[in-house]
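Peer 1: sequence unavailable; structure follows:
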């Protein structure tokens, strides 16, 4: 009987082992708490977010309410009228921002443009649609596939240029939607570096002379192309100072004034700047404070920038589509308003 009796560990001994293990774990936890990094190691963008008033060349003169949820696309027509695309709707506004008409669409357009003949070119993530200003859909262009991510569109008399951030290319179409060519793909023989697009931001715009410019966001600059895809010129400004573009990929939007200056919008450090025709920084259009974009936004990798589009209207005003506030901010040069 004694030979088959099991020797059991007393319960009080198990309890003691558990208490010791818990105490050891607590000690390791408290001992592993490290002091915060010194100031030189902390990620602090406050110095770069602050902008001196002397560098601000524009001021907000009007704020136009946009009565559509999640406004994302905007275009200025040659006659001064504006169009805004949001969730399931496109609005037509006059030059003062008064709503003139609206029509229903399916979903939310990612970007839009007005062709020289007054047609609306609306781009969804993977395709383009052509509408007239009264809200009649005229055509639907071919689906570009799951990888496509259309982010910008620009049209002149002969071509429609569509930026596809997903495929890192700008597509050249004729006005009827026939694909004519691809712009921006790496080609060492033509001295084309290739578009570096780390996030879904790729913008195209015409300058005052009608020449095509494409943002190369990963290289922090702009490239000027012929319609056939030949690279004419380029300039890049990587850097954390006011004259540079910082982060993974900036600028995210561009628009040109009639004198050849270019307006640029950035994410992370949300700010809008103006560069002269010689590519040097002229000054600031809108500060982070003016865009109601706190510097803490720059800390978030996936922060959605408030500015969804910039444009220049027929009067030379800079228009900024602010999605969270469902509004268009109108900026004008301060010198233009000085007493004469």
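Peer 2: Looks like it arrived, so ask away. Because the structure is predicted, anything quoted here is derived from the model rather than measured. Numbering: from 1, shown residues only.

Peer 1: out of the helices and strands in this protein, which is least certain?
Peer 2: Least confident helix or strand of the chain, by mean pLDDT, DSSP states H and E, is helix 11-31 with a mean of 51.

Peer 1: contacts only, for residue 151.
Peer 2: Residue 151 makes contact with 110, 111, 163, 164, 165, 200, 201, 202, 203, according to Cβ atoms under 8 Å, 6 or more residues apart in numbering. C-beta here means a position set from N, CA and C on the backbone, and glycine is covered the same way.

Peer 1: list buried residues within the residues you listed.
Peer 2: Buried residues within the contacts of residue 151, counting neighbours by 16 or more other Cβ atoms under 10 Å: 110, 111, 163, 164, 165, 201, 202, 203.

Peer 1: just these now: which is nearest residue 281?
Peer 2: Residue 281 has its nearest neighbour among these in residue 203, at 18.5 Å by Cβ to Cβ.

Peer 1: what sits against that closest one?
Peer 2: Going by Cβ under 8 Å, 6+ apart, residue 203 touches 151, 152, 163, 214, 215, 251, 252, 253, 254.

Peer 1: in strands, which of the buried ones among the contacts of residue 151 fall?
Peer 2: Assigned to strands by DSSP state E, the following of the buried ones among the contacts of residue 151 qualify: 111, 163, 164.

Peer 1: any low-confidence regions in the stretch 101-250 of the chain?
Peer 2: Judged by pLDDT under 70, the stretch 101-250 of the chain has no weakly predicted residues.

Peer 1: and the one helix or strand residue 214 maps to, which strands flank it?
Peer 2: Using DSSP states H and E, residue 214 maps to strand 212-216. Partners of strand 212-216 in the sheet, by DSSP bridges, are strand 204-206 (antiparallel), strand 221-225 (antiparallel).

Peer 1: who wins for proximity to residue 277 among the ones you listed?
Peer 2: Of these, nearest to residue 277 by Cβ to Cβ is strand 221-225, at 11.8 Å.

Peer 1: what residues of the next helix or strand after that closest one count as buried?
Peer 2: Sequence order places strand 231-236 as the next helix or strand after strand 221-225, per DSSP H and E. By neighbour count on 16+ other Cβ under 10 Å, the buried set for strand 231-236 is 231, 234, 235.

Peer 1: can you pull the contacts of the first one?
Peer 2: If you count contacts by Cβ under 8 Å, 6+ apart, residue 231 has them with 190, 191, 192, 223, 224, 225.

Peer 1: just the buried members of those residues?
Peer 2: 192, 223, 225.

Peer 1: now the residues you listed in TSV, please, with extra columns for distance to residue 78.
Peer 2: Output for the buried ones among the contacts of residue 231, formatted as TSV (distance: Cβ to Cβ, whole Å):
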residue	distance to residue 78
192	31
223	25
225	23
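
Peer 1: what residue is smack in the middle of the chain?
Peer 2: In the chain, the residue lying closest to the centroid (Cα atoms, centre = their mean) is residue 252, at 3.8 Å.

Peer 1: right, and that residue touches residue 263 too?
Peer 2: No: if you go by Cβ atoms under 8 Å, residue 252 and residue 263 don't touch, sitting 11.9 Å apart.

Peer 1: so what's the residue nearest to the centre of the chain up against?
Peer 2: For residue 252, counting by Cβ under 8 Å, 6+ apart, the contacting residues are 201, 203, 215, 217, 265, 266, 267, 305, 307.
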